[in-house]
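> Using only what follows, build the 3D model:
(one chain, ligands or ions: 2)
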Amino acid sequence: MIKMNDITRDGDPVLRKRAAKATFPLTAEQKELADRMMEYLVKSQDPEIAEKYKLRAGVGLAAPQVGVSLQMAAVLVPGGKDKPVLFKEILVNPVIVSESVQVAALEEGEGCLSVDKDIPGYVPRHDRITIKYQTVDGENKKIRLKDYPAIVCQHEIDHLKGTLFYDHINKKEPLKIADDAVIIG
Ligand SMILES: OCN(O)CCCc1ccccc1
Ligand code: NI
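Numbers count the residues shown, from 1 in each chain. Ligands and ions are numbered 1, 2, ... in the order given. Prediction:
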């Protein structure tokens with residue numbers, strides 16, 4: 001199973017590379033990696049397992065974060081009582097094909113399993129996006145996302161382009177953001 005010491009940290013060049021496009025069929029190793037990445041997210045969101053294995057909770061994990069420069073990311077966005085899972089998917093070769101002008105940011109800012117220090121500030125993103133991607137079986141999908149799931153997917157797709165969340169934070173005024181931005185609590 002993937003543990004914290006398997007996660008590459010900021011400073012490792014793999015996090016700043018544009019990841020290679022996946023070709024199909026995926027190799028057995030690539031499919032197994034997808035499973036292990038999703039397994040990490042599931043376990044990291046279970047307080048007991050996370051405590052037992054000292055896992056930092058994550059709602060997403062991109063292949064470059066485990067040292068594999070491949071366009072693949074796992075996303076597991078929990079919901080609430082009524083809908084425990086908002087969005088669970090392995091995105092292969094994801095592309096944002098349209099994005100709202102409307103800006104959104106998480107009220108708490110963002111963090112990253114590959115960035116050990118807290119970096120405060122709003123991370124301005126698009127409130128709504130349409131993504132085209134392939135599943136691990138090569139099936140083409142197109143989905144529209146908004147709010148938290150949209151934020152998470154933008155964070156993961158950034159990783160595949162060598163971008164980290166703090167690249168988007170206004171250096172001089174970290175809490176500056178468009179007046180009409182949607183702040184997601
Ligand atoms: O790349 C995923 N990872 O570093 C875990 C944190 C994911 C994440 C955290 C806050 C907002 C969006 C996404
Ligand atoms: Ni991250």
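> Quick one: list the elements packing against the longest strand anywhere in the chain.
Selection of the longest strand in the chain by residue count, based on DSSP state E, yields strand 85-99. Here strand 85-99 touches helix 28-44, strand 72-78, strand 128-134, helix 147-159, going by 3 or more C-beta pairs under 8 Å, 6 or more residues apart in numbering; DSSP states H and E. Heads up, the C-betas are built off the backbone N, CA and C, glycines and all.
> Let's see it as CSV, backbone CA atoms only.
Taking Å, rounded to 0.1, in the frame of the first residue of the first chain, the C-alpha atoms of strand 85-99 are listed here in CSV:
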residue,chain,number,x,y,z
VAL,A,85,-19.2,10.0,-2.1
LEU,A,86,-19.6,13.2,-4.2
PHE,A,87,-17.1,12.1,-6.9
LYS,A,88,-14.9,9.0,-7.2
GLU,A,89,-12.9,8.4,-10.4
ILE,A,90,-9.5,7.6,-11.9
LEU,A,91,-8.8,10.3,-14.5
VAL,A,92,-6.5,9.3,-17.4
ASN,A,93,-5.4,12.0,-19.8
PRO,A,94,-7.8,14.5,-18.4
VAL,A,95,-8.3,17.7,-20.3
ILE,A,96,-10.4,20.7,-19.2
VAL,A,97,-12.4,21.5,-22.3
SER,A,98,-14.4,24.4,-20.9
GLU,A,99,-14.3,26.4,-17.7
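> Please list the outside residues in contact with whichever helix or strand comes after it.
Heading C-terminal from strand 85-99, the first helix or strand you meet, by DSSP states H and E, is strand 103-106. Contacts with strand 103-106, where a contact means C-beta atoms under 8 Å, 6 or more residues apart in numbering, come from 122-127, 147-148, 150-151, 177-178, 180-184.
> rewinding a little: same question for the longest strand of the chain, mean pLDDT?
For strand 85-99, mean pLDDT is 98.
> Ignoring the adjacent residues along the chain, who's closest to the residue nearest to the spatial centre of the chain?
When C-alpha atoms, centre = their mean is applied to the chain, the residue found nearest the centroid is Glu156 (2.9 Å). Counting by C-beta to C-beta, 6 or more residues apart in numbering, Ala73 is the residue found nearest to Glu156 once chain neighbours are left out, at 3.9 Å.
> still on that earlier bit, hang on, isn't the residue nearest to the centre of the chain packed against Leu91?
Yes. Using C-beta atoms under 8 Å, Glu156 is in contact with Leu91, at 6.7 Å.
> Which neighbours do these two have in common?
Common neighbours of Glu156 and Leu91 (C-beta under 8 Å, 6+ apart) are 73, 75.
> related to what we said a few turns ago, hmm, Ile90 and the residue nearest to Glu156 touching each other?
Yes. Counting by C-beta under 8 Å, Ala73 touches Ile90, with 7.4 Å between them.
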